[in-house]
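Chemist: With the input below, show me the fold.
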Amino acid sequence: MNDNAADFDTTMPQGPFTSYADVLAHLDNLGLFHMELDLARIKRVLEELELTRPEYPVVQVVGTNGKGSTATFMASIATGAGFSTGLFISPHFITPRERVLVDGEMLPEEDWLVLANDIMAAGGEVLTYFEFLTVLAALAFADYEVDLAVFEAGLGGTYDATTAIAADTVVFTPVALDHQQILGDTVEKIAADKAGAIRSNVPVVSARQTDAVLEILKNASNTAGAPFTVAAGPDSLPEEARPVLNGVHQLHNAALAVAALQTVMDEKALPRPTLIPWSDVVTLGIADAWIAGRMQHIAPAPDHPALILDGGHNLHGLRALQAALAAENIRPAAIIFGAMKDKNLEGIPDLLSALTDGPVLLPALTQNSRAATPQELAVRLGGAPDGPTETIPCASVREALDKAAAYAAENPVLICGSLYLLADFFTLHPEYLRP
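Modeler: Residues are numbered from 1 along each chain as shown. Predicted coordinates:
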């Protein structure tokens, strides 16, 4: 178990970047949403950096919903167990530094500068945005000499950048319809793409899935000779385990994280703590886990009403949100909603209508070329037979908050539909990124 910080020489930048601002400019030029479904580029850079098979154990988290929460639970428990732990998650809300954490903390800008220059020296100019950050995380975790690293996949599995890194355990959160234009128009096609992350003889731990998805993952595991396990549910957690993250689905995510962590610890012979019972480590790690924008309650303030923030952005995720709201007997006074223009909204207008008796406010999202305009969303949502009775286009999240305040009384306003919508909110209120 390592307690040494990375020793970076930041006195004289060596490479094309002379400041962290230069690194951000390079990432902006790459384009947040640009992707190329080919792992050849990132494999070459990883090989040059000797990171194709890192010295630290790697867990890859693949799936549709719950990836970030599951990865965060796993990293929190591992850190509580005394392991120096790297965590790579996406997307970010305000700064890309949110994506690369060591023991729950972002790395200094100076470290990012050194890491980015090292990547460029290894041929990193060919990488896409997500590939660049994946390599940066892998390199940072090596330099910090972590005991364990958890990588959340970005999209799919077969061609996701995180699949270019050898893994010691592959985890599957629930697989559902999302990104159909890239991964396929059925859940079976999506599951098949995600199953491409399964490696030969590497253990697979899955959440409970639909029968069709489960069969695909099992068959892919059998073909690869990979041991396959379905994680037990919340009943397997210590009785005292209480996540700060709200919703019964988070108990399922926590149980999956525990099962996956125990699997990689067994696989790599990582020692369990001897001074504290494992059940206590798990309980404390679950309680300490935090990721913003997951059924997050925010008290009213002078410039906004009481709020609930949730990153649910597809039908499966929004149904989980609906169940979590019902469990707490919460009916939002209004909804602030956003979505990407290529998002399949089938079933979502009806669900939004079922969630609130108030209006659905549709703010424009800043600096996001993929976002649907408020007017486009108003037509798509309002045109549905059982969709919201009132949709209100807004020029910004700020305007949506101001208008929503008129509807909020005892009930909170729900903000959901896109993590990029939440990013606009957190840009206004960065103080809510931490609990």
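
Chemist: contacts, neighbours, all on C-alpha from now
Modeler: Fine.

Chemist: Could you measure from residue 150 over to residue 260?
Modeler: 10 Å (CA to CA, to the nearest Å).

Chemist: what residues do the two have in common as contacts?
Modeler: Any residue near both residue 150 and residue 260 by CA atoms under 8 Å, 6 or more residues apart in numbering counts here, and that gives residue 74.

Chemist: which one of those two has more residues nearby?
Modeler: When residue 150 is set against residue 260 and neighbours are counted by other CA atoms under 10 Å, the residue ahead is residue 260, at 30 against 27.

Chemist: quick one: that one and residue 74, what's the gap?
Modeler: As it turns out, when the distance is counted by CA to CA, residue 260 lies 8 Å from residue 74.

Chemist: Now do the helices in the stretch 1-150 of the chain.
Modeler: Using DSSP state H, counting those that start in this stretch, the helices of the stretch 1-150 of the chain run over 20-30, 40-48, 67-80, 109-121, 129-143.

Chemist: what angle sits between the longest one and helix 40-48?
Modeler: This points to helix 129-143. Taking axes from the mean of the first three to the mean of the last three CA atoms, to 10 degrees, one finds helix 129-143 and helix 40-48 inclined to each other by 10 degrees.

Chemist: Please tell me how far stretch 56-76 is from the chain's geometric centre.
Modeler: The chain centre lies 8 Å from the centre of stretch 56-76; the measure is CA atoms, centre = their mean, to the nearest Å.

Chemist: Please parse the protein into its domains.
Modeler: The chain breaks down by automatic domain parsing into domains covering 20-288, 296-433.

Chemist: first to last residue in the shortest one, what's the distance?
Modeler: By CA to CA, the extent of domain 296-433 from end to end equals 10 Å.

Chemist: same check, this time on the longest one
Modeler: For domain 20-288, the first and last residues are 30 Å from each other (CA to CA).

Chemist: what distance separates it from the middle of the whole chain?
Modeler: 9 Å.

Chemist: same question, stretch 408-423
Modeler: Relative to where its chain is centred, stretch 408-423 has its mean C-alpha point 18 Å off (CA atoms, centre = their mean).

Chemist: do stretch 16-34 as well
Modeler: Taking mean C-alpha positions (CA atoms, centre = their mean), stretch 16-34 and its chain are 21 Å apart.

Chemist: can you list contacts of that stretch?
Modeler: 109, 110, 112, 113, 116, 117, 120, 128, 129, 130.

Chemist: if I look at the fourth one, how far off is residue 234?
Modeler: Just to be clear, that refers to residue 113. From residue 113 across to residue 234, the span is 42 Å (CA to CA).

Chemist: Looking at the two, which is more packed in?
Modeler: Neighbour count, other CA under 10 Å: between residue 113 and residue 234, residue 113 has more, with 24 against 18.

Chemist: Show the pLDDT at the residue nearest to the more buried one when sequence neighbours are not counted.
Modeler: The shortest distance from residue 113 to any residue that is not its chain neighbour, by CA to CA, 6 or more residues apart in numbering, is 5.4 Å, and that residue is residue 20. As summarised for this prediction, residue 20 has a pLDDT of 98.

Chemist: can you list the weak-confidence ranges in the chain?
Modeler: Within the chain, the stretches falling below the threshold (pLDDT under 70) are 1-13, 34, 177-185.

Chemist: so who does the nearest residue to residue 226 once chain neighbours are set aside touch?
Modeler: Using CA to CA, 6+ apart and skipping the chain neighbours, the partner closest in space to residue 226 is residue 201 (4.1 Å). Contact criterion CA under 8 Å, 6+ apart gives 224, 225, 226, 227 as the residues in contact with residue 201.

Chemist: Of those, which belong to strands?
Modeler: Counting by DSSP state E, no part of those is found in strands.

Chemist: Select from the residues you listed every entry located in helices.
Modeler: Those of these mapping onto helices are residue 224, per DSSP state H.

Chemist: Are any of the contacts of residue 201 buried, and if so which?
Modeler: With burial judged by 16 or more other CA atoms under 10 Å, the buried subset of these is residue 226.

Chemist: tell me the centre residue of the protein?
Modeler: When the chain is reduced to its mean C-alpha position, the nearest residue by CA atoms, centre = their mean turns out to be residue 68, at 3.1 Å.

Chemist: Please name the residues that touch that residue.
Modeler: Residue 68 makes contact with 89, 90, 152, 291, according to CA under 8 Å, 6+ apart.

Chemist: ditto for residue 251
Modeler: Under the criterion of CA under 8 Å, 6+ apart, the contact partners of residue 251 comprise 233, 234, 243.

Chemist: distance of it from residue 309?
Modeler: Taken as CA to CA, the spacing of residue 251 relative to residue 309 amounts to 18 Å.

Chemist: same thing with residue 42?
Modeler: When distances are taken as CA to CA, residue 42 and residue 309 turn out to be 34 Å apart.

Chemist: more neighbours, those two?
Modeler: Counted by other CA under 10 Å, residue 42 and residue 309 do not tie: residue 42 has more neighbours, with 25 against 22.

Chemist: surely that one meets residue 127?
Modeler: Yes. With contact defined as CA atoms under 8 Å, residue 42 and residue 127 form a contacting pair (6.5 Å).

Chemist: what angle separates the helix ranked longest in the chain from helix 67-80?
Modeler: For the chain, the longest helix by residue count, based on DSSP H, is helix 248-267. Here helix 248-267 runs at 50 degrees with respect to helix 67-80, directions being taken by the same axes, to 10 degrees.

Chemist: So what touches the very next helix or strand once past helix 248-267?
Modeler: Beyond helix 248-267 on the C-terminal side, the first helix or strand identified by DSSP states H and E is helix 278-288. Counting by CA under 8 Å, 6+ apart, helix 278-288 makes contact with 73, 76-81, 238, 240-244, 254, 258, 272, all of which sit outside it.
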